[in-house]
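**Q** Structural data only, the sequence is not supplied:
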Ligand code: HAM
């Protein structure tokens, strides 16, 4: 019988799940996220970057103008909807366009230049979900806005590389670099590319046939077999790069050499976003190549103007946190767990329960991570739980202990226990745990 036929019967319950291509970040995953965020914050602050957070969604135009209508991201992968005010809004598929919108909106041009900003946020792309490719994913990004010099591009690459080193995964990646020229030399090159491909359209994949007049540079990094063969024969950008771009690129390579950063020149690297000018780079997985690039970036000197601001040079980089974590798992890298508990508090009887509430607070105020199963009845059930939490010590208080003003301190590994006066138990626990292992919390500290 259908549910509609019987109003008394509850509708069949569907199994509720995360949306396709999106994931819960469970407590074990958060240990990795927290570790990566700390590394990024530390390294970015060292270099004078300050954190920015832009809204999770923006007017669709921000991305259409910024990333470019002819890119896969804008054309196929955006989560776009009309809000109740009939405005077209989009969940941000990347961070740079929003940061530049914010730079213009808040008059950051008036600040000492360059303005250096970083972010760690979720992004959304309606991509085909597969390994390392999700519909919601986290990125950290670093942007230097307001100045142009190849030394800044080198610094961004260096910072990205240092973060990978701190995370223990730098050796897995190869840095690929290219210079896709300024609008002047690139326009000429695009014309030559289109001329080359005209008459060969039928050998191109469907995607590339579509891109040929909209975004011909993308034909160079298409993965389809026939497109790859044609890309090998296509005119090379080196022949069209203007002297200014040649000099910029040569200087960048000199700075990278100075910083002892290894890189590979890849004349076919063009990136999937339209705002790039000049330098582009990606961190490729040494075994899987571009497919599993962990991060990428480049110079976007024309973006601010495109978004309605004054011409302002800029360079930046972003990397995907899920991909970083995937590589950390593959390498067997462990991160420090801050969630391990120090103490379990077990109690029996109403008076003991009351005392335990205060005791738990006193322990936590001192930096001791403590839990008590205040809802559990029997001592046996509580001790079972203490075992599950894998705490090194359990504090036990029953009717006798309350009467005598003591707490039993039990060493869980050795199975030994002894009474300690109630007023002394917190400091006794500190001695056992070690002052250096406490989880100190100071509300004055920056906690985000
Ligand atoms: P992007 O190359 O599109 O660049 O993305 C950067 C990184 O984000 C990728 O290398 C990858 O690790 C991660 N990522 C991208 N899409 C997905 C996905 N669907 N699932 C999982 N991870 C993904 C940008 O977004 C530019 N805004 C970078 C930039 C900053 N350029 C200048 N400044």
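**A** That came through fine. Source: prediction; values computed, not measured.
**Q** For the stretch 301-448 of the chain, which residues are neighbours of the ligand?
**A** Within the stretch 301-448 of the chain, the positions adjacent to the ligand are 316-320, 322-323 by C-beta under 6 Å from any ligand atom. In short, each C-beta sits where N, CA and C put it, glycine included.
**Q** biggest separation within these, which pair?
**A** Using C-beta to C-beta, those reach their maximum pairwise distance at 316 and 322, which is 19.8 Å.
**Q** Next, the buried residues of the helix or strand harbouring residue 97.
**A** Applying DSSP states H and E as the criterion places residue 97 in helix 96-105. Neighbour-count burial for helix 96-105, counted by 16 or more other C-beta atoms under 10 Å, picks out 96-104.
**Q** following it, which helix or strand shows up next?
**A** Counting by DSSP H and E, the element after helix 96-105 in chain order, helix or strand, is strand 115-124.
**Q** other SSEs contacting the helix or strand following that following strand?
**A** On the C-terminal side of strand 115-124, the nearest following helix or strand under DSSP H and E is strand 136-145. When contacts are defined as 3 or more C-beta pairs under 8 Å, 6 or more residues apart in numbering; DSSP states H and E, strand 136-145 sits against helix 27-46, helix 96-105, strand 115-124, helix 150-166, strand 314-320, helix 321-330.
**Q** pLDDT averaged over the next helix or strand after the last one, what's the number?
**A** Pointing back at helix 321-330 there. From helix 321-330 onward toward the C-terminus, using DSSP H and E, the following helix or strand is strand 343-347. For strand 343-347, mean pLDDT is 95.
**Q** who touches strand 343-347?
**A** 353, 355-356, 359-360, 363, 368-374, 379, 382-383, 385-386, 389, 391, 393-398, 429, 433 (C-beta atoms under 8 Å, 6 or more residues apart in numbering).
**Q** Now list the buried members of these.
**A** 355-356, 359-360, 363, 368-373, 382-383, 385-386, 391, 393-397, 429, 433.
**Q** List the ones among these that fall in helices.
**A** Counting by DSSP state H, the part of the buried ones among the contacts of strand 343-347 found in helices is 355-356, 359-360, 363, 382-383, 385-386, 429, 433.
**Q** List the beta-bridge partners for the spatially most central residue of the chain.
**A** Centre of the chain computed as the mean C-alpha position; nearest residue by C-alpha atoms, centre = their mean is residue 139, 3.0 Å away. When assigned by DSSP bridges, residue 139 has beta-bridge partners residue 121, residue 320.
**Q** Can you verify my assumption that it contacts residue 318?
**A** Yes - taking C-beta atoms under 8 Å as the definition, residue 139 is a contact partner of residue 318 at 4.7 Å.
**Q** Overlap of the contact sets of these two?
**A** Contact criterion C-beta under 8 Å, 6+ apart; residues shared by residue 139 and residue 318: 94-95.
**Q** ok, residue 68 - contacts?
**A** Residue 68 makes contacts with 74, 215, 273-275, as judged by C-beta under 8 Å, 6+ apart.
**Q** can you do 10 Å?
**A** By C-beta atoms under 10 Å, 6 or more residues apart in numbering, the residues touching residue 68 are 74-75, 97, 214-215, 272-276, 306.
**Q** Same check on residue 168?
**A** Contacts of residue 168 (C-beta under 10 Å, 6+ apart): 39, 327-328, 331-335.
**Q** Using JSON lines, please lay out the ones in helices among the buried ones among the contacts of strand 343-347 together with pLDDT and distance to residue 234.
**A** Listed next are these as JSON lines, based on pLDDT from 0 to 100; distance: C-beta to C-beta, whole Å:
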{"residue": "355", "pLDDT": "93", "distance to residue 234": "79"}
{"residue": "356", "pLDDT": "93", "distance to residue 234": "74"}
{"residue": "359", "pLDDT": "96", "distance to residue 234": "74"}
{"residue": "360", "pLDDT": "96", "distance to residue 234": "69"}
{"residue": "363", "pLDDT": "97", "distance to residue 234": "68"}
{"residue": "382", "pLDDT": "92", "distance to residue 234": "72"}
{"residue": "383", "pLDDT": "92", "distance to residue 234": "72"}
{"residue": "385", "pLDDT": "92", "distance to residue 234": "66"}
{"residue": "386", "pLDDT": "93", "distance to residue 234": "68"}
{"residue": "429", "pLDDT": "97", "distance to residue 234": "70"}
{"residue": "433", "pLDDT": "95", "distance to residue 234": "65"}
